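In: curious how this folds, go ahead:
(chains A and B)
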Amino acid sequence: MTAAATRTRTAPADGATPPAQPPEGTPPTAARTRHRAWDEVPRWQIYLPLGVYLVFTLVPFYWIFLFAVRPAGSTSLLPWPMTTEHFEKVWTERSFGVFFQNSLLIGVAVLISTTVVALAGGYALARFDFRIKKGFMLALLCSQFVPGALLLVPLFQIFAELKMINSIGSVILAETVFQLPLSMILISGFIRNVPPSLEEAAWVDGCNRFRAFLIVVLPLLRPGLVAVGSFAFVHAWNHFLFALMFLSSQSKQTIPVGLNTLMGADSVDLGALAAGGVIAAVPVVIVFAFIQKWLVTGFSAGAVKG
Amino acid sequence: MATAVTKPPRATTARGRRRTGATPRRLPYLLIAPAGLLMLGFIAYPVLSVFYYSLQHYNPTKPWRNGFAGLDNFTKIFTDDPHFWGTLTFSLKWVVVEVSLQLLFGLALALIVNQTFAGRALGRALVFSPWAVSGVLTSAIWVLLYNSQTGITRYLADLGIGEYGTSLLSDTGTVFWAAIVADLWRGVPFFAILILADLQSIPGDLYEAAEVDGAGRLRQFFHITLPHIRDAIVLSTLLRAVWEFNNVDLLYTLTGGGPAGVTTTLPLYVAETSVDAHNFGYASALTTVAFVILLFCSIVYLRLSKFGGDSK
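Out: You can find the predicted model right below:
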């Protein structure tokens, strides 16, 4: 019998215990008990495929790091001796220092504007019934199928009308708009998970709606907001086409456009390209390391299901 | 009605959950107004203008031809465009191969890192990490890996695998799979993250009950795991398919649609037509056709997500 073979840490494996009943001291949620049935999986069946996949994941990272730090002309597979020549060159000669600032500005601005606007809209969707709600939700879902890449020309014309071509504001605006639908769907899902009774209690205590939201709801939304905010930041940091199209002067460009320029050069300077890539990766890797745990829980809040 | 301010605010939900008098009826509209206006101005209006231009001859470099075109652009697309069918076919092939492989590997990966094992947190972080990497950076990384002189093929050739000087990206026979692998590297974590999130919502007692009943791991997978995550799989697959169809970053920077145009997707072709050739009218018609294809996907998506109903 398979149950007898299962050595579980939290409960006696004895079949006499009703399995649906969580053992004492364990929260009744699935959090602790969910993996028990799978404990019998042989270790090699985990580590072997995981190891193979890790090689596939990590070799490319190692490769770009290697090219970024080893001297030009070297063919060594070890990153030693190390040099910073490529970084210095890319940062100053190829203007990655400027690009970095621009990308950071765009990323942070998009993060803030997306989160604030999506919070307001998400709250309305989660807490009110109003006449155009269904239509609005439908528009949000449909807009996920509208490709920004195919709207480049009309968007360009709009920004030209607004005299915003070659201004970083155009990119911030465009990235925010295309982040909004998903962010709002996610945030309204998070808010729906906060029991309305908590807010109502605060109203009884004399808070108005806005204060009650700030004091009661907002702190509970933190994991969700971190997920949505970093989503917006990473997207804006990574996205390429809007900056390529709307910003013409070199001093306004972003990191992805800079990378593309390096790749498109007649004779690609591989060291510079790799160093530029590492610079492009650093902020998103930091953000990722920070949110990685919340990413999965943020999604499991049922948000993706709308 | 906008003039109804003197009316007492009525309970805003059918369930009567909100009885506070502090809620004006305009509040939800005020709250969605910023998002709504932004989306109207920068999504809805551009979409409509694309429809409008699709019926026009419009090319700023050839102003003497500009004017109403009727369905000329569309007729040309379907009967007289040497690139349309090729790029559409490539787009579909790209989406189908890419999404099914991403789903397959993503599901396997999610199942693995959902186990309890030593080093799980680190394993998850490493396996998921390419998720945060941009299309352009992915291209940069794989350009380095695929480089014929200093790339991975050179070191493989040292070991006796393959030949020296193999350039995977400039050979029409290998470029497809080279690009697929590069995009897989970044795309698999997306599925793995979403599926893992859903796997964690499966109550553990289901497995315990199944185990008591003597169900093996394979049966547990097909009778508990798979039905439970079915919705998530369907939705993320569709979302990803649309995303892969629209996404131009990676192919634009990795292959530029080449060599000899064999990796040009429909959106890449649209971008070339509008940005490089300035043929806005024709590009708009191409975009409209792409929209119709995507609209079809949207309808399937909304049906499957049981929009408006209680999905869970």
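In: buried set for stretch B:47-59?
Out: B:47, B:49-50, B:53-59 (16 or more other Cβ atoms under 10 Å in any protein chain shown). Yep, even glycine has a C-beta here, placed from its N, CA and C like the rest.
In: check whether whatever helix or strand residue A:64 lives in contacts chain B.
Out: Taking DSSP states H and E as the definition, residue A:64 sits inside helix A:43-69. Yes: counting by Cβ under 8 Å from any Cβ of the partner chain, chain B has neighbours in helix A:43-69: A:43, A:46-47, A:49-50, A:53-54, A:56-61, A:63-64, A:67.
In: before we move on, the earlier item: so which of the buried residues of stretch B:47-59 is the closest to residue A:167?
Out: residue B:49 (21.2 Å; Cβ to Cβ).
In: what pLDDT does the closest one get?
Out: On the pLDDT scale, residue B:49 is placed at 90.
In: in contact with it, which residues?
Out: Contacts for residue B:49 (Cβ atoms under 8 Å, 6 or more residues apart in numbering or on different chains) come out as A:154, A:157, B:284.
In: adding distance to residue B:270 and pLDDT, write those out as CSV.
Out: Formatted as CSV, the contacts of residue B:49 follow (distance: Cβ to Cβ, whole Å; pLDDT from 0 to 100):
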residue, distance to residue B:270, pLDDT
A:154, 12, 87
A:157, 16, 87
B:284, 9, 89
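In: tell me the buried residues within those residues.
Out: Buried members of the contacts of residue B:49, scored by 16+ other Cβ under 10 Å, are A:154, B:284.
In: and which of the contacts of residue B:49 is nearest to residue A:95?
Out: For these, the residue nearest residue A:95 by Cβ to Cβ is residue A:157; the value is 28.4 Å.
In: just to be sure, that closest one is in a strand?
Out: No: Residue A:157 is assigned helix when assessed by DSSP: H, G, I helix; E, B strand; the rest coil, not a strand.
In: all helices for the stretch 201-312 of chain B, in order.
Out: Assigned by DSSP state H, counting those that start in this stretch, the stretch 201-312 of chain B shows helices spanning B:204-212, B:217-220, B:226-246, B:249-254, B:266-271, B:280-304.
In: what mean pLDDT does the third one have?
Out: Going back to what we said before, that points to helix B:226-246. 83.
In: got the buried residues for that helix?
Out: Buried-residue list, helix B:226-246, by 16+ other Cβ under 10 Å: B:229, B:231-233, B:235-246.
In: then the last one?
Out: Using 16+ other Cβ under 10 Å as the burial criterion, the residues of helix B:280-304 that qualify are B:280-291, B:293-294, B:297-298, B:301-302.
In: cool, the second one as well?
Out: Of the residues in helix B:217-220, those with enough neighbours to count as buried (16+ other Cβ under 10 Å) are B:217, B:220.
In: stretch A:197-205 now?
Out: Buried residues in stretch A:197-205, counted by 16+ other Cβ under 10 Å: A:199-200, A:202-203.
In: then stretch B:34-44?
Out: B:34-36, B:38-39, B:42-43.
In: with stretch A:74-82 instead?
Out: For stretch A:74-82, a neighbour-count test (16+ other Cβ under 10 Å) marks residue A:74 as buried.
In: quick one: it near chain B?
Out: Yes: interface with chain B: stretch A:74-82 contributes A:75, A:77 (Cβ under 8 Å from any Cβ).
In: low-confidence regions, the chain specifically.
Out: With no chain named, the answer covers chain A. A:1-40, A:265-266, A:297-306 (pLDDT under 70).
In: sorry, I should have been clearer: chain B.
Out: B:1-23, B:298, B:301-302, B:304-312.
In: longest helix of it?
Out: If you go by DSSP state H, chain B has its longest helix at helix B:84-113.
In: next SSE downstream of that one?
Out: Going down the chain from helix B:84-113, the next helix or strand is helix B:120-128, by DSSP H and E.
In: tell me which residues of that next one are tucked away?
Out: B:120, B:123-124, B:126-128.
In: got JSON lines for the residues you listed, with distance to residue A:172 too?
Out: Formatted as JSON lines, these follow (distance: Cβ to Cβ, whole Å):
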{"residue": "B:120", "distance to residue A:172": "38"}
{"residue": "B:123", "distance to residue A:172": "36"}
{"residue": "B:124", "distance to residue A:172": "32"}
{"residue": "B:126", "distance to residue A:172": "32"}
{"residue": "B:127", "distance to residue A:172": "32"}
{"residue": "B:128", "distance to residue A:172": "28"}
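In: between those residues, which is closest to residue A:288?
Out: Using Cβ to Cβ, the buried residues of helix B:120-128 come closest to residue A:288 at residue B:128, 7.7 Å.
In: what's the nearest residue to that closest one if we skip its chain neighbours?
Out: residue B:189 (4.5 Å; Cβ to Cβ, 6 or more residues apart in numbering or on different chains).
In: with residue A:84 as the reference, measure out to residue A:278.
Out: Residue A:278 sits 11 Å away from residue A:84, going by Cβ to Cβ, to the nearest Å.
In: and what about residue B:164, helix, strand or coil?
Out: Three-state call for residue B:164 (three-state DSSP): coil.
In: now it: phi and psi?
Out: phi -70, psi 150 (degrees, to the nearest 10).
In: on that earlier part again, which single one of the buried residues of helix B:226-246 is nearest to chain A?
Out: Taking Cβ to the nearest Cβ as the measure, chain A lies nearest residue B:246 of the buried residues of helix B:226-246, at 3.4 Å.
In: what's the neighbour count on the closest residue to the closest one other than its chain neighbours?
Out: Nearest non-adjacent residue to residue B:246, counting by Cβ to Cβ, 6+ apart: residue A:147, 3.4 Å away. By the criterion of other Cβ atoms under 10 Å in any protein chain shown, residue A:147 has 22 neighbours.
In: now for residue A:147: which residues touch it?
Out: With Cβ under 8 Å, 6+ apart, residue A:147 has these contacts: B:245-246, B:267, B:290, B:294.
In: if I look at it, how far off is residue B:291?
Out: Look at residue A:147 and residue B:291: by Cβ to Cβ, they are 9 Å apart.
In: tell me which two of the contacts of residue A:147 sit farthest apart.
Out: Taking Cβ to Cβ, no two of the contacts of residue A:147 sit farther apart than B:267 and B:294, at 10.4 Å.
In: what do the two both touch?
Out: Counting by Cβ under 8 Å, 6+ apart, the contacts common to residue B:267 and residue B:294 are A:147, B:245-246.
In: okay, the residues you listed in a markdown table with distance to residue B:132 next?
Out: Formatted as a markdown table, the shared contacts of residue B:267 and residue B:294 follow (distance: Cβ to Cβ, whole Å):
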| residue | distance to residue B:132 |
| --- | --- |
| A:147 | 21 |
| B:245 | 22 |
| B:246 | 20 |
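In: of all residues in the stretch 201-306 of chain A, which one is closest to chain B?
Out: With Cβ to the nearest Cβ, the shortest gap between the stretch 201-306 of chain A and chain B falls at residue A:238, namely 3.1 Å.
In: what residue is smack in the middle of chain B?
Out: Residue closest to the average C-alpha location in chain B (Cα atoms, centre = their mean): residue B:243, at 1.4 Å.
In: and chain A, what are its domains?
Out: Domain assignment for chain A by automatic domain parsing gives A:41-83, A:96-300.
In: distance from the first one to the middle of the chain?
Out: Domain A:41-83 has its average C-alpha position 24 Å from the chain's average C-alpha position, going by Cα atoms, centre = their mean, to the nearest Å.
In: name the element the residue most central in space within chain A belongs to?
Out: Note on chain A: the residue nearest the mean C-alpha position is residue A:231, at 2.8 Å, using Cα atoms, centre = their mean. Per DSSP H and E, residue A:231 falls inside helix A:222-238.
In: residues touching the residue nearest to the centre of chain A, list them.
Out: With contact set as Cβ under 8 Å, 6+ apart, residue A:231 has these partners: A:179, A:182-183.
In: of the residues you listed - the most surrounded one?
Out: Highest neighbour count within the contacts of residue A:231: residue A:183, with 26 neighbours (other Cβ under 10 Å).
In: my guess is that residue contacts residue A:113. True?
Out: No: the pair residue A:183 and residue A:113 fails to qualify as a contact (Cβ atoms under 8 Å) at a distance of 10.3 Å.
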